[in-house]
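Student: Give me coordinates for this.
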Amino acid sequence: MPRVSKKSRPRPIVLITIEGLGIAPPSDGNAIANAKTPYFDHLVTHYPATTLAASGPAIGLLEGSAGSSEIGHSVIGLGTRWPRPRRVIDEAFALQSFKSLASFKDLAVLLKSKQRKVHLIGLLSNAENLASFDQMKKLFDWTAKHSSNILVHCILDGKESGPIAAQRLINELSQHVSGRGRIATLIGRIYGLDDKYNLGRSEKAYGLWCKRQGNEVSSVEAALQDAYEKKIFDEEFPPTAIGPEVDTIAKDDVVIFWHHSGRELNQVINLIAQRCPDTKIFTLSDRGLGENARPLFSLPENRPSLGSIFAQNGFKQLRIGDSAGFAGAAYWLDGMAPVYENVERRLAPTPPLTNLSEAVLESLAALRHLVIEGATSSSFDFIAVTISAIDVLAHHATPDEVRPIIEAVDEHIRLIAETIETLGGIAIISSSHGLAERLLDPATGTAISAHSLNPVPLYLVGKRFEGLNFGWPEPPAGHLQLVEPIGTLADIAPTILSLLNLPIPSEMEGHNLGK
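Tutor: Numbers count the residues shown, from 1 in each chain. Here you go, the predicted model:
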């Protein structure tokens, strides 16, 4: 691939991904539209600005499926629809071809020896971005043919699905496993899926599954009713054991996680592997998987990413994120195949303050400092930044509480973008998914904490872009929410490559929006 001369391109190129920044008409639950954002308003009227689809089939998900941080970043960086692990696994189950895989043959032999107890563990959600309920049922059916002792441990969602979505899913799951297995435990995803190095949370999951530490109730119905009455919903559901039976993970047991990716499970998998070394651990796929479990499916290798292309052209890269958004810039942007050549990674930690709003504000200021420091150092060609402040707070706060954070982000983005522009660089500003623009159900007024299906903005900032719009639809009276998406998140990488006169790999399905 030909290298691009430093003299012939803008420098630095800064990709800023603001998680949870969706676009929707004004409403009581739209914290973004109700916030004062003079800089974003300025961008809409003075620079190329449009909206992009960030959910559903447009980015490779099922109809009605919202995007996520991992998926959004991967689609942006790979320039293609999400290479869904679900699609590969669904086909294998539908064609029954999985039975010929060595991993399933070995697992079948293992299950038949010693009449081992089997633990099926995973996220129970109707969002199906991290795990598929349908695949879980197929995996259970296959396992039931080889074992008569199956225990199901459910991690409840409440983040990408509704806060009480488990109520319906648990009923369906109970009917499906009846007579062949049983639901043994329930726990919220903040414990079972922690990947932010909050080891204490993973210890809760380990304690429940391996030591039966937590609440004990007679039935799943009683467990849900008790928690919901206390206003404790799915995401933060307390560790709960169901029934009087001894159902912990023990020596020689088989543990199977039904997720599409091992990344969010590695922390708790490592605890089980280290403390129960004779346990046999499997995951559904090898995507993002560590060394302590065996995958049942090996998925296709990742495609060329924006970061890998820049590395091939000798670009020196800087990746910056706060505590919650670090993975977005550091790993997900490369489709979970992180680039290491000429790449630095810097973290703006979220301080351990009791007040979440104060914590994200401090982290946001630290992040802005790192970005400006990196840009003005003249050391980096490409800087990828992930800002999670809005997303983090919107999952737990009211629109009125989120609005000041949005206003703070607007000001920090102004300071960053104006610095980049002064240096002769380019800032590309977008989002991985929506959320803060839909925090209340318009019909009932109840709070919503799940990611939305709404489009996200795209702004191109730089001296060369001022007054241009590339022929994109003009936002009526500066209202971006009135502009239909002209593309998807997959178009960001090809557009950036085209701005730099770099060829677009054939693997990228996205298009250059700057023609």
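Student: Outline the domain layout of this protein.
Tutor: 18-83+303-499, 85-297 (automatic domain parsing).
Student: could I get the ones you listed as JSON lines with mean pLDDT, mean neighbour count and distance to P10?
Tutor: Backbone N, C-alpha and C define where each C-beta goes, glycine included. JSON lines is the format used below for these (pLDDT from 0 to 100; neighbours: other C-beta atoms under 10 Å; distance: least, C-beta to C-beta, whole Å):
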{"stretch": "domain 18-83+303-499", "mean pLDDT": "93", "mean neighbour count": "21", "distance to P10": "5"}
{"stretch": "domain 85-297", "mean pLDDT": "90", "mean neighbour count": "19", "distance to P10": "33"}
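Student: of those domains, which approaches M508 most closely?
Tutor: domain 18-83+303-499 (3.4 Å; C-beta to C-beta).
Student: Quote the end-to-end distance of that closest one.
Tutor: From its first residue to its last, domain 18-83+303-499 covers 21 Å (C-alpha to C-alpha, to the nearest Å).
Student: Then stretch 443-460?
Tutor: Span of stretch 443-460 from end to end, C-alpha to C-alpha: 35 Å.
Student: returning to what we had before: the domains of the chain into CSV, with extra columns for distance to R11?
Tutor: Below are those laid out as CSV (distance: least, C-beta to C-beta, whole Å):
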stretch, distance to R11
domain 18-83+303-499, 6
domain 85-297, 32
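Student: quick one: which of those domains is nearest K515?
Tutor: domain 18-83+303-499 (7.2 Å).
Student: What's the end-to-end length of stretch 46-63?
Tutor: Stretch 46-63 has an end-to-end distance of 35 Å (C-alpha to C-alpha).
Student: Same check on stretch 369-389?
Tutor: End to end - C-alpha to C-alpha - stretch 369-389 spans 15 Å.
Student: mind checking the backbone torsions on the residue nearest to I249 when sequence neighbours are not counted?
Tutor: Nearest residue to I249 in three dimensions, chain neighbours excluded: C210, at 4.7 Å (C-beta to C-beta, 6 or more residues apart in numbering). Phi and psi for C210, reported as degrees, to the nearest 10, are phi -110, psi -20.
Student: Next: G434.
Tutor: Phi and psi for G434, reported as degrees, to the nearest 10, are phi -90, psi 160.
Student: Specify the helix with the largest residue count in the chain.
Tutor: When the chain is parsed with DSSP state H, its longest helix is helix 399-422.
Student: From the contact counts, what lies against that helix?
Tutor: Judged by 3 or more C-beta pairs under 8 Å, 6 or more residues apart in numbering; DSSP states H and E, helix 399-422 is in contact with strand 13-18, helix 38-46, helix 356-376, strand 382-387, helix 389-394, strand 426-430, strand 456-461.
Student: What residue in the protein is the furthest from its centre?
Tutor: K114 (38.9 Å; C-alpha atoms, centre = their mean).
Student: you'd agree L284 is in a strand?
Tutor: Yes - when DSSP: H, G, I helix; E, B strand; the rest coil is applied, L284 is found to be in a strand.
Student: JSON lines please, covering the helices and strands packed on helix 399-422 and showing distance to P238.
Tutor: Listed next are the helices and strands packed on helix 399-422 as JSON lines, based on distance: least, C-beta to C-beta, whole Å:
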{"stretch": "strand 13-18", "distance to P238": "32"}
{"stretch": "helix 38-46", "distance to P238": "40"}
{"stretch": "helix 356-376", "distance to P238": "20"}
{"stretch": "strand 382-387", "distance to P238": "30"}
{"stretch": "helix 389-394", "distance to P238": "22"}
{"stretch": "strand 426-430", "distance to P238": "37"}
{"stretch": "strand 456-461", "distance to P238": "34"}
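Student: of all these, which lies closest to F315?
Tutor: Here strand 382-387 is closest among these (C-beta to C-beta), at 5.1 Å.
Student: Quick check: K280 vs A108, distance?
Tutor: Separation of K280 from A108 (C-beta to C-beta, to the nearest Å): 13 Å.
Student: brain fart, I269
Tutor: Relative to A108, I269 is positioned 22 Å away (C-beta to C-beta).
Student: Over to G514?
Tutor: Counting by C-beta to C-beta, the gap from G514 to A108 is 53 Å.
Student: before we move on, what about E245?
Tutor: As judged by C-beta to C-beta, E245 and A108 stand 25 Å apart.
Student: Run through the residues that contact the residue nearest to I249.
Tutor: Residues near C210 by C-beta atoms under 8 Å, 6 or more residues apart in numbering: 248-250, 272, 275-276.
Student: Just the pLDDT at S8, thanks.
Tutor: As summarised for this prediction, S8 has a pLDDT of 63.
Student: same deal with P2?
Tutor: 41.
Student: can you check the one 10 residues further on too?
Tutor: Reading off the confidence values, P12 has pLDDT 95.
Student: So what's the residue count around it?
Tutor: Applying other C-beta atoms under 10 Å, we find 26 residues neighbouring P12.
Student: who's in contact with the closest residue to it other than its chain neighbours?
Tutor: Leaving aside its sequence neighbours, P12 sits nearest to G425 (C-beta to C-beta, 6+ apart; 4.5 Å). G425 is in contact with 10-14, 375, 462, counting by C-beta under 8 Å, 6+ apart.
Student: now, among the residues you listed, which is nearest to E235?
Tutor: Nearest to E235 out of the contacts of G425 is V14 (C-beta to C-beta; 32.5 Å).
Student: Isn't that closest one up against A375?
Tutor: Yes - if you go by C-beta atoms under 8 Å, V14 and A375 touch, sitting 6.6 Å apart.
Student: hey, what's in contact with both of these two?
Tutor: 383, 416, 420, 425.
Student: Surely the first one touches G307?
Tutor: Looking back up the chat, that one is I383. No - I383 lies out of contact with G307 (C-beta under 8 Å); the separation is 11.4 Å.
Student: Mind listing the shared neighbours of these two?
Tutor: Q317.
Student: hang on, the earlier thing: out of the contacts of G425, what pair is the most spread apart?
Tutor: Maximum distance among those (C-beta to C-beta): 12.6 Å, for A375 and G462.
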